[in-house]
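S.K.: Sequence plus the predicted model coming up.
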Amino acid sequence: MQCRGMEKDEEDAAAAAAAEEEVVPIGAQKHDPAWKHCLMVRSEGRVRLRCAYCGKHFLGGGIHRFKEHLARRPGNACCCPKVPRDVQDAMLRSLDAVAAKKKRKLSLTGDVRRFAHADAPSASNGTAATAAQLGGSGTESPIHMIPLNEVLDFDPVPLEERPPESSEMRMRGTVGKKKRKAAASHAFTPPLGPHAQQPPLQPTTPAPQANALQQVVMAVDSVTHTSGPFGSAGLDKEQVCMAIGRFLYDAGVPLEAVNSVYFQPMLEAIASAGGRPEVLSYHDFRGRILKKSLDDVTAQLEFYKGSWTRTGCSVLADEWMTDKGRTLINFSVYCPEGTMFLKSVDATGIVTSPDALHELLKSIVEEVGEKNVVQVITNNSEIHAVAGKRLGETFPTLFWSPCTFQCIDGMLEDFSKVGAISEIIGNAKAITGFVYNSAFALNLMKKYLHGKDLLVPAETRSAMNFVTLKNMYSLKEALQAMVNSDEWIHFLMPKKGGIEVSNLVSNLQFWSSCAAVVRITEPLVHLLKLVGSNKRPAMGYVYAGLYQAKAAIRKELVRKNDYMAYWNIIDWRWDNHTPRPLHSAGFFLNPLFFDGIRGEISSGIFSGMLDCIERLVSDVKIQDKIQRELNMYRSEAAGDFRRQMAVRSRRTLPPAEWWYTYGGACPNLTRLAVRILSQTCSARGCDRTHIPFEQIHDERMNSFERQRMHYLTFVQYNLRLQQRQQRKVKAFDPISVDYIDIVDDWVVDRSALFSGPAEQPNWMEINQPVSRITSREPNEDEFESFIEGVDDEMIQGAARGIQEDDDDPACG
């Protein structure tokens, strides 16, 4: 009765507060996974939790009650009717883990009380006797409770940061404690050099014949079950770290694997398992676990498929070449709910023939369903263009589109080859090459830059050039302070290249040139990031983004003779001779640019809109209805288009969602707008490293094993795509080999170009980075920052068209 009464109050309060709510930021200390699925809102002076799926408000009960709501577990809260299945399963696992943790806590607390009661008569015999009772040599007694998240915190605490021992603690010293202190000090002493011998750890796992994976499971389990959440678990934590390290090193697993979003949940699952977890075998992972993983991935993909008829989908052909020279194409299907990997095809003998490529693309469209497909995105070569044109003739209700991501990346690559820009990039690489090949300089940089790096992650190798220039320019003052410091002058100036780097960093002309390059290229770099984003479809933004890039170049260089070289690069890569009606229609239908389509509009944009109507809508009667509704939309003559809420939401809601909300008076146009604005512009897949795509095409393989390998790559790649969908930022180390394809030669030693004594590298002298996997910060939202740069002048200029704007006499 009390629960039903609380829910009744919440429903009444939610109805009263629906008119006006203020979203309250959720603090960084909120670590429970359920916080990601709710909003904290304030209304009428009270703070509530609001479900992100069904909108229900919660006045009390805390995050645990809301988690029961998401888990659809009856009792303290009603069940959410709209929660996704994967979120429901995650909440159920979290609730079970909390319950198991409480049970262990109660059990261990009882053990400690019984232990204390049993030892009370012998307390006068001293602490040494107590240590002997607990098992003798150096075993720590359970003294105080440590939370699970602290036990599983694998970041080592530097020795200088550990709190000093108080005098009271020193007075408690006993023979047993001295032994323990000596053992712990011995275990944590770092090696003095590369050849120093480190004493072996004393494992709690009694079986020396156990494999590396068994040691990981047993070590993690021993943290919470052998020693429990009591006592100083430093040695246990070190055993966990060493067990994981031995597993990674022995199995040859890439160290970048710990950046996976599934790594920490794996450790938590082992730690929360009751008793000693089952140790799994080689055949388990090849058999039943793979089958279960395949079922889980397939269920998620079926959820994606359910939205194809409503939003349409894009077939993506991500083409790449292996180390052995094979050309493979990874076929995926994109929709706003997520991207689904279909299969990998060996296209070595296919991509050289338009006929063969057309047949391959045709088979994929038939597999997905012609009625679902809005476009097929491939590479931009002439062979792909011919095959794409034939595909459009075979299927008259879809488009072939060249990959926009590849186009924009090619523009940046060509920009970096322009003489003046290439020279500036070369000078910047001289600075980074010196800093990242000297341990002293690298540590000094971290000190003056407050832990920041000169190099930050970028989408591609070409984008890396301009992202790094921008980052270095933002850190200019700190770099100049560094090269003028006593440490730099005394220790690094005499080194090979030290003087040249100092002169570069102090050169004002170098920094002004960097600033000019950043202003020229930043809109394109931002557009590349936007096109590659998974936050929302980019179809409605590319046309305006290219106009913005051209406008920035013209503003910086002023004279037509100067900026036309860059404009020609953009035009050649974009290829004005290839119509892109989806991008024109995306601009026309994006409510953000509504004011631009009400007045004078480029004939190319409007023709693209009409092309989409004729191609994507086969029924001529519906085409006529859409034409009438289009005029109603432009004049705001019907429905909710002229509402103040609709006007404000043009800059906040994703375009397709805006049409869902306010397009009710134009149902046929709304359906078409949603299908166009729900598409991606990029065929680029996710990270393919360490997935055996080439191996599955080995003709020597057994037929059963080939089928198994197909399913394994299907699971692996789809998990990576889902991981990308979660928008996690990986820990980044510029000098790591894991990022060599992106960082390229920005960290290469260039000391051979300079005179002076060279420094011998020693990686052990480098201070270890402390960054972890973190979610993207709100200010890194590429769409929000793009929208902030949209003003009336830009909208009107983009609506007139890029080429028409070039012909404006004022441009000369």
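M.R.: Happy to help now that I have it.
S.K.: Going by C-alpha atoms from here, please, whenever you check contacts or count neighbours.
M.R.: Fine.
S.K.: Could you verify my assumption that F783 touches L530?
M.R.: Yes: using C-alpha atoms under 8 Å, F783 is in contact with L530, at 6.5 Å.
S.K.: Neighbour count: the two, which is higher?
M.R.: Legend: neighbour count by other C-alpha atoms under 10 Å for F783 and L530, higher for L530 (24 against 20).
S.K.: separation between the more buried one and V542?
M.R.: Computed as C-alpha to C-alpha, to the nearest Å, the L530 to V542 distance reads 9 Å.
S.K.: in the chain, which spans are strands?
M.R.: For the chain, the strands defined by DSSP state E occupy 22-24, 38-43, 46-51, 57-58, 313-321, 327-335, 338-346, 373-378, 399-402, 728-729, 774-775.
S.K.: what packs against the fifth one?
M.R.: Just to be clear, that refers to strand 313-321. Strand 313-321 sits against strand 327-335, strand 373-378, with contacts defined as 3 or more C-alpha pairs under 8 Å, 6 or more residues apart in numbering; DSSP states H and E.
S.K.: Partner strands of that strand, with direction?
M.R.: According to DSSP bridges, strand 313-321 forms sheet pairs with strand 327-335 (antiparallel), strand 373-378 (parallel).
S.K.: so how far is the shortest one off the chain centroid?
M.R.: Put plainly, it is strand 373-378. On the basis of C-alpha atoms, centre = their mean, to the nearest Å, strand 373-378 sits 24 Å off its chain's mean C-alpha point.
S.K.: List the contacts of that strand.
M.R.: 312-319, 365, 384, 388, 397-403, 616, 675-676, 679, 681-683 (C-alpha atoms under 8 Å, 6 or more residues apart in numbering).
S.K.: can you check stretch 510-520 too?
M.R.: 421, 424, 466, 469-470, 473, 476, 504-505, 549, 552-553, 556.
S.K.: between the residues you listed, which has the most around it?
M.R.: Most surrounded of those: other C-alpha under 10 Å gives F466, at 26 neighbours.
S.K.: Quick check: that one touching H526?
M.R.: No: look at F466 against H526 with C-alpha under 8 Å: they stay out of range, at 10.5 Å.
S.K.: Please name the nearest non-neighbouring residue to G498.
M.R.: Distances taken as C-alpha to C-alpha, 6 or more residues apart in numbering place L492 nearest to G498, at 5.6 Å, with adjacent residues excluded.
S.K.: Number of residues surrounding I329?
M.R.: Neighbour count of I329, defined by other C-alpha under 10 Å: 21.
S.K.: what bridges to it?
M.R.: Under the criterion used (DSSP bridges), I329 bridges to E319, V345.
S.K.: now it: how far from A71?
M.R.: When I329 is compared with A71 (using C-alpha to C-alpha), they lie 39 Å apart.
S.K.: List the residues that contact the residue nearest to G498.
M.R.: F440, A441, G498.
S.K.: so which of the residues you listed comes closest to I766?
M.R.: F440 (7.7 Å; C-alpha to C-alpha).
S.K.: what's the neighbour count on the closest one?
M.R.: Around F440 there are 20 residues (other C-alpha under 10 Å).
S.K.: In the stretch 501-650 of the chain, mark out all the helices, start to finish.
M.R.: Using DSSP state H, counting those that start in this stretch, the helices of the stretch 501-650 of the chain run over 508-531, 542-557, 560-574, 581-589, 594-597, 603-616, 620-635, 644-649.
S.K.: Could you pull up the mean pLDDT of the first one?
M.R.: Right, the one you point to is helix 508-531. Across helix 508-531, the average pLDDT comes to 94.
S.K.: quick check: angle from it to helix 542-557?
M.R.: 170 degrees (axes from the mean of the first three to the mean of the last three C-alpha atoms, to 10 degrees).
S.K.: Could you tell me the angle between helix 508-531 and helix 560-574?
M.R.: 30 degrees.
S.K.: Which positions in helix 508-531 come out as buried?
M.R.: For helix 508-531, a neighbour-count test (16 or more other C-alpha atoms under 10 Å) marks 510-511, 514-515, 517-531 as buried.
S.K.: So what's the gap between that helix and the chain middle?
M.R.: The chain centre lies 23 Å from the centre of helix 508-531; the measure is C-alpha atoms, centre = their mean.
S.K.: Which residues are in contact with A799?
M.R.: A799 neighbours (C-alpha under 8 Å, 6+ apart): G596, I597, E600, I601, S602, I605.
S.K.: S314: how many residues sit nearby?
M.R.: S314 sits with 30 neighbouring residues when counted by other C-alpha under 10 Å.
S.K.: The one 10 residues further on now?
M.R.: By the measure other C-alpha under 10 Å, the count of residues near K324 is 7.
S.K.: got it, and E699?
M.R.: 9.
S.K.: which outside residues touch stretch 294-305?
M.R.: Under the criterion C-alpha under 8 Å, 6+ apart, residues D86, C335, E337, G338, T339, M340, Y711, V715, N718, L719 lie in contact with stretch 294-305.
S.K.: Same list, these, but as JSON lines with neighbour count and pLDDT please.
M.R.: Listed next are these as JSON lines, based on neighbours: other C-alpha atoms under 10 Å; pLDDT from 0 to 100:
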{"residue": "D86", "neighbour count": "13", "pLDDT": "81"}
{"residue": "C335", "neighbour count": "23", "pLDDT": "94"}
{"residue": "E337", "neighbour count": "18", "pLDDT": "90"}
{"residue": "G338", "neighbour count": "18", "pLDDT": "91"}
{"residue": "T339", "neighbour count": "24", "pLDDT": "92"}
{"residue": "M340", "neighbour count": "26", "pLDDT": "93"}
{"residue": "Y711", "neighbour count": "17", "pLDDT": "90"}
{"residue": "V715", "neighbour count": "21", "pLDDT": "92"}
{"residue": "N718", "neighbour count": "23", "pLDDT": "91"}
{"residue": "L719", "neighbour count": "17", "pLDDT": "90"}
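S.K.: how about JSON lines for these, with distance to G325 added?
M.R.: Formatted as JSON lines, the contacts of stretch 294-305 follow (distance: C-alpha to C-alpha, whole Å):
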{"residue": "D86", "distance to G325": "39"}
{"residue": "C335", "distance to G325": "31"}
{"residue": "E337", "distance to G325": "34"}
{"residue": "G338", "distance to G325": "31"}
{"residue": "T339", "distance to G325": "27"}
{"residue": "M340", "distance to G325": "26"}
{"residue": "Y711", "distance to G325": "24"}
{"residue": "V715", "distance to G325": "25"}
{"residue": "N718", "distance to G325": "25"}
{"residue": "L719", "distance to G325": "26"}
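S.K.: between the residues you listed, which is closest to I795?
M.R.: Checking the contacts of stretch 294-305 against I795 by C-alpha to C-alpha gives C335 as the nearest, at 27.4 Å.
S.K.: ok, for that closest one, nearest residue in space, not its chain neighbours?
M.R.: Counting by C-alpha to C-alpha, 6+ apart, the residue nearest C335 is C313, at 5.0 Å.
S.K.: OK, contacts around the one you found?
M.R.: V333, Y334, C335, N372, V373, V374, Q375, R675, S678, Q679.
S.K.: Report the two of the residues you listed separated the most.
M.R.: V333 and R675 (14.3 Å).
S.K.: which regions of the stretch 551-700 of the chain sit below the pLDDT cut-off?
M.R.: By pLDDT under 70, the low-scoring segments of the stretch 551-700 of the chain are 576-577, 637.
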